[in-house]
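J.: I need the structure of the sequence given here:
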Amino acid sequence: MTLRPHIVRWILRLYFPPFTWFYRLYYQSAIHLSRFLVSRIKGVRSIYLTGSWARQDVVYGLSDIDFKVLVAGEKDQKTYQAIRRRFAQLRWFFPVLGPPDEKGIYFSDSFNEDYRHHPLVQHLFDARYFRHQLIWGEDLHIALPIQSWDELDQDECTFSRLRDWIERIHILSDYDGLSAPQKQHLFFKAASDIAMLAIRAENPEFGSCSRSESLQHICRELEESFRPFVLNMILENKGLYRKKLNSDDESFRLFKRMVALCVERIARKDNAEPTLRNIKPELPDCSNESREIVGRLQAFSSKILAVRTVRWPQLPLNPFDLLLFDTPAYVVECSEPISLNEFHALKAYCRENLKDPATVLLKEYPSFMSSVDSILVDHWGSFSGSSDLMHFLLENHQAHDLSRLLEKRIQLRLHSFYEQLTAALKRPDSGRMDSGVFPVFLFNALRILIFAMELNRGKWQWLVEPSGIADYLIRHTPLRPAFLHKLAEQYEKSSNKQAVFDERLLPKSRALLGAMMEIVSDGRSWESLEELNAMPDEERLKVSVAIITYNRPKQLERCLISINRLIAPPEEIVIVEDSRAESARDIADKIQMDCPIRCLRSSRPGVAHSRNLAVKAAKGEIVAFVDDDACVTPDWLDRIERAFLRDSRIGLVSGASLNLKCERDDIIWKFMEVVEKI
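T.: This is a model prediction of the structure:
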């Protein structure tokens with residue numbers, strides 16, 4: 001156990017003057033020094049205190065100091081990292097500042113986009129839950145485009161907040177660095193926060209109250225078996241956690257029940273006539289690939305009824321939410337919540353054995369599921385009626401209806417997806433993502449666009465596997481099957497690490513996404529994709545290879561032989577001779593090159609003039625220079641072409657130059673060999 005848990009115990013034992021005076025001075029020093037140092041970072045406009053200090057509800061030793069920092073301009077990674085580093089440095093002296101990654105850092109010009117796309121950000125700026133106390137700078141909070149609670153989908157905000165708490169509890173409930181009082185306070189904050197969410201799910205006008213009062217208010221809604229846990233939790237907080245009345249397992253069970261109660265209350269509000277009836281989602285089962293894992297998962301607890309494996313079913317938040325696309329999701333269905341020890345054992349097994357991207361979804365209550373150990377925050381929980389669709393798709397393969405409210409939430413989520421996809425496609429560097437990621441990005445976007453198109457027509461079409469997406473487009477669109485088969489093949493090869501995505505397919509792939517975006521937004525038919533067939537499946541660039549030579553016929557011959565072995569020959573070779581020695585044309589004729597050769601003679605000595613002459617004479621879109629004493633690898637031009645296709649802004653590319661094995665034995669050659677080894 002680290003030093004801090006021991007300090008926390010002593011602070012709580014010595015919670016009376018003059019010690020509390022010292023604690024307050026320590027906290028105030030942390031606030032003032034943070035304000036002074038963070039405000040010196042370029043671009044910082046405002047610093048706010050939030051959380052316990054803004055509510056004047058501080059428990060010294062247990063309450064962290066929370067800040068919101070507003071920065072001028074667009075998102076800037078350097079400024080963001082500078083602020084986090086400053087808080088990390090301060091935390092060496094003031095651990096009460098909490099982890100740097102929990103500090104809210106927002107950029108004024110990018111705030112509106114983050115606020116629209118992320119319900120959790122909307123919740124964190126809801127004045128009914130979070131107060132803000134300005135401690136430095138301009139009061140920009142009042143000028144931010146923050147909507148009132150009745151203008152937002154409060155239930156979606158609630159789901160985001162619940163995911164946030166599920167993440168914290170799952171991570172910290174078995175963290176050895178927390179003392180018993182810290183864990184008790186963590187569960188108390190989680191339960192009281194969720195209690196307030198549950199209260200306002202039925203009564204949005206409910207005013208503010210203390211954490212203990214919110215727990216007392218919700219206690220009567222719980223089953224008799226859970227009420228003692230709530231009362232004990234309140235008494236523990238009142239006694240500053242000097243006594244432990246609830247075990248960690250009892251607090252964990254209460255937390256799960258509170259989440260279920262909150263979601264059940266939200267679900268009761270959705271009584272509208274459904275828009276689509278008897279939907280039977282078909283998720284590809286992959287149990288044959290994972291029988292051993294399924295057997296191990298079932299053995300963790302007698303409360304586990306069944307484990308089934310499907311392809312990842314979540315509707316993503318954005319086009320880059322790709323980690324779990326087309327990966328297994330193990331759905332563990334329980335008769336009742338598993339114990340905290342069983343949960344910890346299950347989490348440890350997942351971390352050690354699920355090496356590939358995969359997740360385990362724990363369904364302990366009918367109203368929600370939680371991920372045992374996931375990487376992305378949005379995947380920690382799925383709730384009945386939430387727009388991520390995961391819970392809707394995993395309800396035991398039963399036919400069910402799509403309510404109007406859920407469809408509205410899905411449409412808002414899709415609209416956010418369109419906005420972010422449009423912005424990504426407009427960026428010239430959108431093709432510069434890792435070549436193993438682009439095919440996942442492509443099929444993820446195609447799946448969502450197909451789903452959106454069918455939903456607009458009042459139909460249900462949920463596709464998961466890339467092969468199924470390609471088959472759908474072949475059946476319903478005029479696109480040539482050969483192109484779609486190439487895309488599916490590229491996905492399979494890149495996902496199996498057999499090859500990287502062929503950048504020659506990028507231009508048409510981006511055009512396909514853009515055209516499908518127009519179809520979804522304008523209501524056009526799939527037939528409008530016919531115009532894409534006029535584009536070549538694989539775009540090629542015209543490349544001229546330029547060689548400057550001077551009295552080195554043997555080296556030039558060797559160079560031309562290597563060019564003749566390229567995977568794809570260039571459009572032409574331009575040779576500029578800087579001497580009157582043996583003609584390059586004679587050498588080329590002797591080799592019988594596979595591409596046209598033009599031989600020029602420079603009127604002035606010097607490699608610079610000769611290269612300029614080659615550039616002026618070249619007909620290609622790209623001029624690739626190679627020295628006459630060099631040899632190229634078979635994929636040399638292929639790699640150059642791919643680089644230019646990935647980003648239209650690229651003007652120059654270069655690769656490594658390695659020494660050739662030859663008969664040279666002079667001191668310069670030996671020196672170069674030594675340098676290369678180093």
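J.: am I right that C599 is in contact with D589?
T.: No: using C-beta atoms under 8 Å, C599 makes no contact with D589, being 10.4 Å away. Heads up, the C-betas are built off the backbone N, CA and C, glycines and all.
J.: the two: which has the busier surroundings?
T.: Taking neighbours as other C-beta atoms under 10 Å, C599 and D589 compare with C599 leading, 17 against 11.
J.: where does the residue nearest the centre of the chain fall, helix, sheet strand or coil?
T.: The centre of the chain sits closest to D321, judged by C-alpha atoms, centre = their mean, with a distance of 4.4 Å. Recorded secondary structure, D321: coil (DSSP: H, G, I helix; E, B strand; the rest coil).
J.: give me the pLDDT value at it.
T.: The model reports D321 with a pLDDT of 88.
J.: let me know whether it touches D388 as I believe.
T.: No: using C-beta under 8 Å, D321 is not in contact with D388; the gap is 10.1 Å.
J.: what distance separates whichever strand or helix holds F451 from the centre of its chain?
T.: Assessed by DSSP states H and E, F451 sits inside helix 438-456. Here helix 438-456 is found 17 Å from its chain centre; the criterion is C-alpha atoms, centre = their mean, to the nearest Å.
J.: which strands or helices does that helix pack on?
T.: Contacts defined by 3 or more C-beta pairs under 8 Å, 6 or more residues apart in numbering; DSSP states H and E place helix 438-456 against helix 404-426, helix 466-476, helix 481-495, helix 506-522.
J.: avg pLDDT for it?
T.: Averaged across helix 438-456, pLDDT comes to 93.
J.: got the CA positions of it in CSV?
T.: What follows is helix 438-456, C-alpha atoms only, in CSV (Å, rounded to 0.1, in the frame of the first residue of the first chain):
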residue,chain,number,x,y,z
PHE,A,438,-8.2,2.5,-43.1
PRO,A,439,-10.1,-0.6,-44.2
VAL,A,440,-11.6,-0.9,-40.8
PHE,A,441,-12.5,2.8,-41.0
LEU,A,442,-14.0,2.3,-44.4
PHE,A,443,-16.2,-0.7,-43.6
ASN,A,444,-17.3,0.8,-40.2
ALA,A,445,-18.5,3.9,-42.1
LEU,A,446,-20.2,1.8,-44.8
ARG,A,447,-22.0,-0.3,-42.2
ILE,A,448,-23.4,2.9,-40.5
LEU,A,449,-24.4,4.5,-43.8
ILE,A,450,-26.2,1.4,-45.0
PHE,A,451,-28.0,1.2,-41.6
ALA,A,452,-29.0,4.9,-41.8
MET,A,453,-30.3,4.6,-45.4
GLU,A,454,-32.5,1.6,-44.6
LEU,A,455,-33.7,3.2,-41.3
ASN,A,456,-34.8,6.3,-43.3
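J.: just want the angle from it to helix 506-522.
T.: Counting by axes from the mean of the first three to the mean of the last three C-alpha atoms, to 10 degrees, helix 438-456 lies at 20 degrees to helix 506-522.
J.: buried set for helix 438-456?
T.: 438-455 (16 or more other C-beta atoms under 10 Å).
J.: just stretch 600-620 next, same as before
T.: 600, 602, 610-611, 613-614, 618, 620.
J.: over to stretch 352-370?
T.: Judged by neighbour count using 16+ other C-beta under 10 Å, the buried positions of stretch 352-370 are 354, 358-365, 367-370.
J.: specify which member of those is nearest to W636.
T.: Set against W636, the nearest of the buried residues of stretch 352-370 by C-beta to C-beta is A358 (38.9 Å).
J.: for the residue nearest to that closest one when sequence neighbours are not counted, what are phi and psi?
T.: Using C-beta to C-beta, 6 or more residues apart in numbering and skipping the chain neighbours, the partner closest in space to A358 is P328 (4.7 Å). Main-chain dihedrals, P328, degrees, to the nearest 10: phi -70, psi 140.
J.: residues near P328, how many?
T.: 22.
J.: so who does the closest residue to R227 other than its chain neighbours touch?
T.: Take R227 and drop its neighbours on the chain: the residue closest to it by C-beta to C-beta, 6+ apart is C219, 5.5 Å away. Taking C-beta atoms under 8 Å, 6 or more residues apart in numbering as the criterion, C219 is in contact with 227, 230-231.
J.: hmm, N444 is touching L317, no?
T.: No: between N444 and L317 there is no contact under C-beta under 8 Å: 11.4 Å.
J.: any chance of CSV for the buried residues of stretch 352-370, columns secondary structure and pLDDT?
T.: CSV is the format used below for the buried residues of stretch 352-370 (DSSP: H, G, I helix; E, B strand; the rest coil; pLDDT from 0 to 100):
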residue, secondary structure, pLDDT
L354, coil, 83
A358, coil, 83
T359, strand, 88
V360, strand, 92
L361, strand, 93
L362, strand, 94
K363, strand, 94
E364, strand, 94
Y365, strand, 94
S367, coil, 92
F368, strand, 93
M369, strand, 93
S370, strand, 93
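J.: would you convert the helices and strands packed on helix 438-456 into CSV that also reports mean pLDDT?
T.: As requested, the helices and strands packed on helix 438-456 are exported to CSV (pLDDT from 0 to 100):
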stretch, mean pLDDT
helix 404-426, 91
helix 466-476, 93
helix 481-495, 91
helix 506-522, 91
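J.: I105 should be in a strand, yeah?
T.: Yes: assigned with three-state DSSP, I105 falls within a strand.
J.: burial count for it?
T.: Residues lying near I105 (other C-beta under 10 Å) number 20.
J.: keeping just the C-alphas, turn stretch 599-618 into PDB.
T.: Extracted as PDB, the C-alpha positions of stretch 599-618 are listed here (Å, rounded to 0.1, in the frame of the first residue of the first chain):
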ATOM      1  CA  CYS A 599      18.200  10.200 -73.600                       C
ATOM      2  CA  LEU A 600      19.300  13.800 -73.300                       C
ATOM      3  CA  ARG A 601      22.700  15.500 -73.100                       C
ATOM      4  CA  SER A 602      23.400  18.400 -70.800                       C
ATOM      5  CA  SER A 603      24.900  21.500 -72.300                       C
ATOM      6  CA  ARG A 604      26.400  22.600 -69.000                       C
ATOM      7  CA  PRO A 605      28.300  20.500 -66.500                       C
ATOM      8  CA  GLY A 606      26.900  19.900 -63.000                       C
ATOM      9  CA  VAL A 607      24.300  17.600 -61.500                       C
ATOM     10  CA  ALA A 608      21.900  20.500 -60.500                       C
ATOM     11  CA  HIS A 609      21.600  21.700 -64.200                       C
ATOM     12  CA  SER A 610      21.100  18.100 -65.400                       C
ATOM     13  CA  ARG A 611      18.400  17.400 -62.800                       C
ATOM     14  CA  ASN A 612      16.500  20.600 -63.800                       C
ATOM     15  CA  LEU A 613      16.800  19.500 -67.400                       C
ATOM     16  CA  ALA A 614      15.300  16.100 -66.500                       C
ATOM     17  CA  VAL A 615      12.400  17.700 -64.600                       C
ATOM     18  CA  LYS A 616      11.500  20.000 -67.600                       C
ATOM     19  CA  ALA A 617      11.600  17.000 -70.000                       C
ATOM     20  CA  ALA A 618       9.700  14.500 -67.800                       C
END
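J.: just to revisit the earlier point, so how far is P313 from the residue nearest to A358?
T.: Distance, P328 to P313, using C-beta to C-beta, to the nearest Å: 11 Å.
J.: strands of the stretch 101-250 of the chain, start to end?
T.: Counting by DSSP state E, counting those that start in this stretch, the segments of the stretch 101-250 of the chain that form strands are 104-107, 133-137.
J.: deepest-packed of those strands, please.
T.: strand 104-107 (a mean of 19; mean count of other C-beta atoms under 10 Å).
J.: which stretch of helix or strand covers F87?
T.: Here F87, judged by DSSP H and E, is contained in helix 77-91.
J.: helices or strands up against that helix?
T.: When contacts are defined as 3+ C-beta pairs under 8 Å, 6+ apart, helix 77-91 sits against helix 19-38, strand 66-71, strand 104-107.
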